[in-house]
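> Whatever this is, show me its structure:
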Amino acid sequence: MKRTYAITEFFKAARRGSPLLYWSAIVMLVGSIACHAMPLFDPRLFNGVSVWEKPAKFFMSLAVLGLTIGWAVSLLQEKARGVLVSTRILFLAGWIEMAYIVFRAGRGEGSHFYTATPLAAILYSIMGVFALSLTAFSGFIGWRIWQSRDGYLMREAAGLGLILGALLATLTAGYLSSMQGHWIGGDQTDATGLGFFHWSTTGGDLRVSHFIGLHAMQFLPLAAMSGDKRVVYGVGLICILATVATFVMAINGMPLLRA
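Modelled structure (predicted):
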């Protein structure tokens, strides 16, 4: 019962903090479900998995981000104008990125690393700018929450989590964008990847470190539920070390788990 109550309160807080991001997240969750169902009607594959696999995951990822930001903003006693503007930018950037990803999926093409034509290269660069704005403004909101922590551990963890997650995600994404793909060695396909994530089991995969770094945004607030600041900062350190370790593994062609 307590766990159910906590989840309910989380959603209520997310809605209170940013109704715009809350309802956007709900629609994106519906979008993720729809994309997961699309293989029933569209059998096309890309990189060994359904062309709708990536939109489904990105809908889910951006929904989680939106709910996390909304919840974090609810911890602020006063919402500064900069925070409100940032939530609107996050809303806009998220939907522009999703529109591009869905557009490419509909054409049976990759949305990331796809630069086959000059126009495709330009659109990919534009998408990259909006993706960067997602982490940049998440980090800014985290900084404003951190400034107002005032001895409240959950507020401190939420702010630090957003800052750390934004920083680690930006650094790993920056390296990813400089490559021609996320695989380093091994099978150049998601078909032999690890379960739901499809991370490579035969070579390096840069998506692992990006995932871990990004989700520091959720890991630190969860750690704050312990009521112990040492646990929060310990989890933060683990996120950094795990991101670095999986990044080093990836660039050396080592999978997280070998098949």
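> Show me the contact partners of the least confident helix or strand in the chain by mean pLDDT.
Of all the helices and strands that make up the chain, helix 2-17 has the lowest average by mean pLDDT, DSSP states H and E, namely a mean of 82. With CB atoms under 8 Å, 6 or more residues apart in numbering as the test, helix 2-17 has contacts from 21-23, 25, 66-76. Where you see a C-beta, it was placed from the backbone N, CA and C, and this is true even at glycine.
> out of these, who's nearest residue 202?
Taking CB to CB as the measure, residue 68 is the one of the contacts of helix 2-17 closest to residue 202, at 32.5 Å.
> Look up the pLDDT of the closest one for me, please.
Per-residue pLDDT puts residue 68 at 98.
> That one and residue 216 touch, don't they?
No. Using CB atoms under 8 Å, residue 68 is not in contact with residue 216, being 10.8 Å away.
> count of residues packed around the closest residue to residue 207 other than its chain neighbours?
Among residues not flanking residue 207 along the chain, residue 182 sits closest, at 5.0 Å (CB to CB, 6 or more residues apart in numbering). Using other CB atoms under 10 Å, the number of residues around residue 182 comes to 20.
> Hmm, residue 182 is touching residue 173, no?
No. The criterion here is CB under 8 Å, and residue 182 misses it with residue 173 at 10.6 Å.
> Top of the contacts of helix 2-17 by number of neighbours, please.
Within the contacts of helix 2-17, residue 69 tops the neighbour count with 30 neighbours, counted by other CB under 10 Å.
> helix or strand for it, which one?
Using DSSP states H and E, residue 69 maps to helix 53-73.
> the inter-axis angle of the helix or strand just after that helix versus helix 53-73?
Sequence-wise, the next helix or strand downstream of helix 53-73 (DSSP H and E) is helix 81-106. Put simply, helix 81-106 runs at 170 degrees to helix 53-73, going by axes from the mean of the first three to the mean of the last three CA atoms, to 10 degrees.
> Phi first, then psi, for the residue nearest to residue 171 when sequence neighbours are not counted.
Nearest residue to residue 171, sequence neighbours excluded (CB to CB, 6+ apart): residue 213, at 7.3 Å. Main-chain dihedrals, residue 213, degrees, to the nearest 10: phi -60, psi -40.
> tell me the angle the helix holding residue 69 makes with helix 2-17.
Going by the same axes, to 10 degrees, helix 53-73 makes 80 degrees with helix 2-17.
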